[in-house]
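**Q** Make a model of this:
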Amino acid sequence: MTFLKPRTLFGRTLNTIAVVSIGFLVFMLMVIGSLMLIPLGQRSADDLAALMIASAEQWQTAGSERPALEAMFVNRYHITLTGSNQAHAPSNSWLPYRFFLEQALSQRTGQPIRLLEERSVSQGQWFWVDIPIRGEQIRLGFPRSRIGVRPPIAILLVLIVGVGVTLITAVVLVKRQTAPLESLSKAVRTLGSGEWPDPIAERGPDELANLARSFNRMTRQVRELLANRTTLLAGISHDLRTPITQIQLALAMLPDEGGDAELLAGIRRDLERMNRLIGMFLDISRGLEGGQSENLLIEPLLDELVRKFREHGVTIHWQPCPGCRQEVNAMALTRIVSNLLENALRYGEGSPISVTCGCTEKGVVISVSDQGPGIPEEELENVFRPFYRLEQSRNQGTGGSGLGLAIVRQLALAYGWDVTLQVKPESRTTATISLNRKSCKTLP
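**A** The predicted structure follows:
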């Protein structure tokens, strides 16, 4: 029997139990056969051989009493004696008892004995044997039904029933043991995709129940940690704006001739940068806090963003998606697309920006492309890290904070959306966001 090597825990456990159980079943049959059935069959065949030889000797000396003796042998022992020498073919039966009987007869007569076989519709299968007694061949026969046992059928039934019961038991047992692990694996995949899984049922064996309980506790702690982080981030960012505003007000009240104009201008620029960073942090916190998703037409939302950027002199080629509707959080989607447009504007070196929108079976797909110098392929994931900047491919003088794409990735993960970057021929950088239809969930 050939067993495959499955990759799942269910398949491997089932395979192991099945192989061990079936191997033990075969071993048990071999032990029972060699230590019980074969010796029992040999002893029975030897007894029958002794009976047949004794019957042949008695029949030879019976004379006129042979007919009565033949009837007695048939009724009592189911053995037929005859002096007939009718030709029969040697038996080719694979019945183990046949070999045992031939061996026993050969040992008792001192001559090689071979059983003959006869089959007929009326009488069925018969075995015949010619036993030499004092120079005379005496033929004895008995029907197949006299032996009674059917080892091949018995072994086949034991194997079929044993294997069937073993496999059914293994499937039920392994399924019961691996079901909690499958639930845990599904929950881990859900958590890894940025969604919050439902609590896992804390049942089953103690080890699996404790594992599920630990995972549920960890999930609650992570949600609380993220919620506290978001609240803390929003609070600190909001509190920082007050002293920054006071400093800006104080700088505005200073007389122009009362200080170093260049120094004051630098301070104002630093304050503006700090204010932008705080605004980005607040955007992240507001986005991660979530909000109600609405069934919205995507085209008007994007059209409004495109219009605002065009008002500032930005050239945008806009390909709308009329009638495209989906459950989305408008604030999060607006922030994501705005950041992508700002990124394309900042690093596109003044080239036109292309914005496309389309509906697919999986959901809405939005793309933002620029004609800038592009991003090296090995850096496509790194640019999503907070404060990460490309020294060579991004101009340091543009004033980017390294948070734009980080905010995009965090907000997308929070809502189960996919964001990817691609560099197409002619250094065309394209950011694509896929709003999966099955990504709706409750956020922390």
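
**Q** Which pLDDT value goes with residue 250?
**A** With respect to pLDDT, residue 250 scores 69.

**Q** and whichever strand or helix holds residue 29, which residues are buried?
**A** Using DSSP states H and E, residue 29 maps to helix 9-32. Residues of helix 9-32 classed as buried: 10, 13-15, 17-18, 21-22, 25, 29 (neighbour count, 16 or more other C-beta atoms under 10 Å). For the C-beta atoms, the positions are set from N, CA and C on the backbone; glycine is no exception.

**Q** same question, stretch 169-187
**A** 170, 174, 177-178, 180-181, 183-184, 187.

**Q** and these, which of them are in helices?
**A** 170, 174, 177-178, 180-181, 183-184, 187 (DSSP state H).

**Q** what pLDDT does residue 303 get?
**A** Residue 303 is given a pLDDT of 90.

**Q** quick one: contacts for it?
**A** 318, 320 (C-beta atoms under 8 Å, 6 or more residues apart in numbering).

**Q** what about residue 205, how many residues close to it?
**A** By other C-beta atoms under 10 Å, the residues close to residue 205 number 11.

**Q** Please report the distance of it from residue 179.
**A** Distance, residue 205 to residue 179, using C-beta to C-beta, to the nearest Å: 11 Å.

**Q** quick check: domain ranges of the protein?
**A** Domain ranges of the chain: 9-153, 196-289, 292-439, per automatic domain parsing.

**Q** what are the ranges of the helices in the stretch 101-250 of the chain?
**A** 144-147, 151-192, 206-253 (DSSP state H, counting those that start in this stretch).

**Q** and residue 326, that's in a helix?
**A** No - looking at residue 326 with DSSP: H, G, I helix; E, B strand; the rest coil, it is strand, so not inside a helix.

**Q** Going forward, count from 47.
**A** Sure, I'll start numbering at 47, so the last one becomes residue 372.

**Q** Can you pull the poorly scored residue ranges out of the stretch 247-396 of the chain?
**A** 271-288, 296, 300-307, 309-310, 322-323, 325-338 (pLDDT under 70).

**Q** Figure out which of the helices of the stretch 147-296 of the chain is closest to residue 387.
**A** Comparison of these against residue 387 by C-beta to C-beta identifies helix 252-299 as nearest, at 22.8 Å.

**Q** burial count for residue 415?
**A** Residues near residue 415, counting by other C-beta under 10 Å, number 22.

**Q** Assign a three-state SS to it, would you?
**A** Under three-state DSSP, residue 415 comes out as strand.

**Q** re earlier: can you lay out the buried residues of helix 55-78 as TSV showing pLDDT and distance to residue 105?
**A** Below are the buried residues of helix 55-78 laid out as TSV (pLDDT from 0 to 100; distance: C-beta to C-beta, whole Å):
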residue	pLDDT	distance to residue 105
56	71	67
59	76	65
60	75	62
61	79	61
63	79	59
64	78	56
67	80	53
68	81	50
71	80	47
75	79	40
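
**Q** Test my guess that residue 233 contacts residue 257.
**A** No - in this structure residue 233 lies outside contact range of residue 257 using C-beta atoms under 8 Å: 11.1 Å.

**Q** Confirm residue 400 sits in a strand?
**A** Yes - assessed with three-state DSSP, residue 400 lies in a strand.

**Q** Count the neighbours of it for me.
**A** Residues lying near residue 400 (other C-beta under 10 Å) number 18.

**Q** what bridges to it?
**A** residue 363, residue 415 (DSSP bridges).

**Q** Could you pull up the residues touching it?
**A** Residue 400 touches 362-363, 365, 413-416, counting by C-beta under 8 Å, 6+ apart.

**Q** TSV please, covering those residues and showing distance to residue 168.
**A** Listed next are these as TSV, based on distance: C-beta to C-beta, whole Å:
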residue	distance to residue 168
362	99
363	97
365	91
413	88
414	93
415	92
416	97
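
**Q** Pull out the buried residues from those residues.
**A** Among those, those buried by neighbour count (16+ other C-beta under 10 Å) are 362, 413-416.

**Q** Which of these sits closest to residue 169?
**A** Among those, and counting by C-beta to C-beta, the member closest to residue 169 is residue 413, at 87.8 Å.

**Q** surely the closest one meets residue 478?
**A** Yes - the criterion here is C-beta under 8 Å, and residue 413 meets it with residue 478 at 4.8 Å.

**Q** What ranges does the stretch 347-490 of the chain have for its strands?
**A** 362-365, 371-374, 399-405, 409-416, 464-470, 474-482 (DSSP state E, counting those that start in this stretch).

**Q** Over to the stretch 47-196 of the chain?
**A** 126-128, 135-136, 162-166, 170-179, 182-189.

**Q** how about these, which one is nearest residue 382?
**A** Among the strands of the stretch 47-196 of the chain, the nearest to residue 382 by C-beta to C-beta is strand 170-179 (84.7 Å).

**Q** other SSEs contacting the closest one?
**A** Helices and strands touching strand 170-179, by 3 or more C-beta pairs under 8 Å, 6 or more residues apart in numbering; DSSP states H and E, are helix 84-106, helix 142-155, strand 162-166, strand 182-189, helix 190-193.
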